[in-house]
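Novice: Quick one: sequence and predicted model below, then my questions.
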Amino acid sequence: MTTARQRQRIIHAVKKRVLKNHFNVAGVSYTDWITLIDVRTPQLLTVPENEFETELQDILRGLKSSHTGFYHERPNRLFPQHTINASLWPPEGDGGPWYFLDVFPEGPADRAGIKPGHKLHQVDGVPYIAPDMPPFRTGHTHTLVVSEPHDKNTREITLELPRRKVTKELPPLLPPKSMTHSEIAPGIGLLRITWFPGAIGLKFARALDSAIADLKAHGCDHLIIDLRGNIGGGLGFARLASYLCPNGIPIGYSLTPKRLRKGFKTEDLERVVYPDSRFGFAAALTRFAVRDKSIFLMTQGLGDQPFHGKIVMLVNRWTNSAAEMLVSFAAENRLATLIGTKTAGNVLGAVNFKTGGGYFLRLPVFGWYSIKGECVEGKGVAPDFAVEVDPNELNSGIDQQMIAAIAVLSGERCAQAAVR
């Protein structure tokens, strides 16, 4: 339990970090934001502990940036993707019920028997209607009431979630299995990627190499990359970007708050090729260690691949962060056909700062821009073919977006898709 004096120090630390480290892509007035937090400080000093966290989160929303939050080391409200390894979607819009959309392989929801299309009625005895997202937290046992989409018969599911600590890079998420692969049709390989683990992602890169080698060994010369529900992650996405094109080309560039404020020329940014080892990455960073660390990230030039020109990416409203960096790169260079729905529009890079009292402030500390200077923060990336899914069909095992992807790769007309 924090005292009023401790909270005063926490609020001061939050203001100081925002002014120093926040990447202000939306052009928010810090003067107005500081005034807002000062006006609400008397209330923040006296509210109950759980409301202190909620109130500060609400104030931080005024910064209008993704990857921004305030939470205790034992947070009481996290995204379902980060906890039960599943995403939720209200197909009827605000005021409608939640349905499970993406269920990550081998995660808590998957192991409990939850399927895409299942309807969520209650969490811990409380009904939730969109846009009020049900709260989930690690180190807690949740009781869910679910049903088939139009079935009145409900059943209870108990999910026991292990505790996870906050690290510098990540909120206290329960990591999903990052990747699975399979041949889903003759000559068509599937990579399903739920996140890009690790800051540099070298372990993920090695696993990706093995998966692609296995698909090629089975004669897969067409490729579906399923990024639906992807929660983002680290630089491992650059290894996958390298597989999309034969040569070494720019993926996009990062900017620090300092470089954004002072101005820049893209030709002055350091070119860094995604490394094959930690030593290689350290060597690249050492070249400009005393300079501003805004960089142009480059692909590795892995040569021709049998699936080049025959790649589909599946995306949806929960495709986030590093996955969107990959998607925007593929879209601008016409390296893949995008199918699904518009992505989330959350492409800022963030870290966590300790503020005292067991609380952490999560702030975006760099922005990401495509090679054409586009930032999809707050905008998302629209697909080439817009294809929605239906909870009833999902629950019956019919994935309209996957069917559309196979149809495109098979040279068939995608009748149910609307061309952008």
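Specialist: Happy to help now that I have it.

Novice: Give me the residue ranges of the stretch 101-250 of the chain where confidence is low.
Specialist: Low-confidence segments of the stretch 101-250 of the chain (pLDDT under 70): 166-171.

Novice: same thing but at 80, please
Specialist: 164-172 (pLDDT under 80).

Novice: In it, what residue spans correspond to strands?
Specialist: Counting by DSSP state E, counting those that start in this stretch, the stretch 101-250 of the chain has strands at residues 119-123, 126-127, 140-147, 155-161, 179-185, 188-193, 222-226, 250-255.

Novice: Let me know which of those is the nearest to V387.
Specialist: Taking CB to CB, strand 222-226 is the member of those nearest to V387, at 13.1 Å. Using the backbone N, CA and C atoms, a C-beta is placed for each residue, glycine as well.

Novice: relative orientation of the closest one and strand 179-185 in degrees?
Specialist: On the basis of axes from the mean of the first three to the mean of the last three CA atoms, to 10 degrees, strand 222-226 is oriented at 140 degrees to strand 179-185.

Novice: Would you mind finding the most buried of the strands of the stretch 101-250 of the chain?
Specialist: Mean neighbour count (mean count of other CB atoms under 10 Å) peaks for strand 222-226 among the strands of the stretch 101-250 of the chain, with a mean of 26.

Novice: Can you dump the C-alpha atoms of that strand in CSV for me?
Specialist: Backbone C-alpha positions of strand 222-226 (Å, rounded to 0.1, in the frame of the first residue of the first chain) are rendered in CSV as follows:
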residue,chain,number,x,y,z
HIS,A,222,4.2,-21.1,-51.8
LEU,A,223,4.1,-19.5,-48.4
ILE,A,224,1.4,-18.2,-46.0
ILE,A,225,2.7,-16.2,-43.1
ASP,A,226,-0.1,-16.0,-40.4
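
Novice: about what we covered before: what's the closest of the strands of the stretch 101-250 of the chain to N352?
Specialist: Closest among the strands of the stretch 101-250 of the chain, using CB to CB: strand 250-255, at 18.2 Å.

Novice: Quick one: residues in contact with the closest one.
Specialist: With CB atoms under 8 Å, 6 or more residues apart in numbering as the test, strand 250-255 has contacts from 23, 238, 241, 264, 266, 269, 271, 293-299, 325, 328-329, 349, 366-371.

Novice: Let's have the strands of the stretch 101-250 of the chain in JSON lines, adding distance to T337.
Specialist: As requested, these are exported to JSON lines (distance: least, CB to CB, whole Å):
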{"stretch": "strand 119-123", "distance to T337": "31"}
{"stretch": "strand 126-127", "distance to T337": "40"}
{"stretch": "strand 140-147", "distance to T337": "34"}
{"stretch": "strand 155-161", "distance to T337": "36"}
{"stretch": "strand 179-185", "distance to T337": "16"}
{"stretch": "strand 188-193", "distance to T337": "13"}
{"stretch": "strand 222-226", "distance to T337": "10"}
{"stretch": "strand 250-255", "distance to T337": "19"}
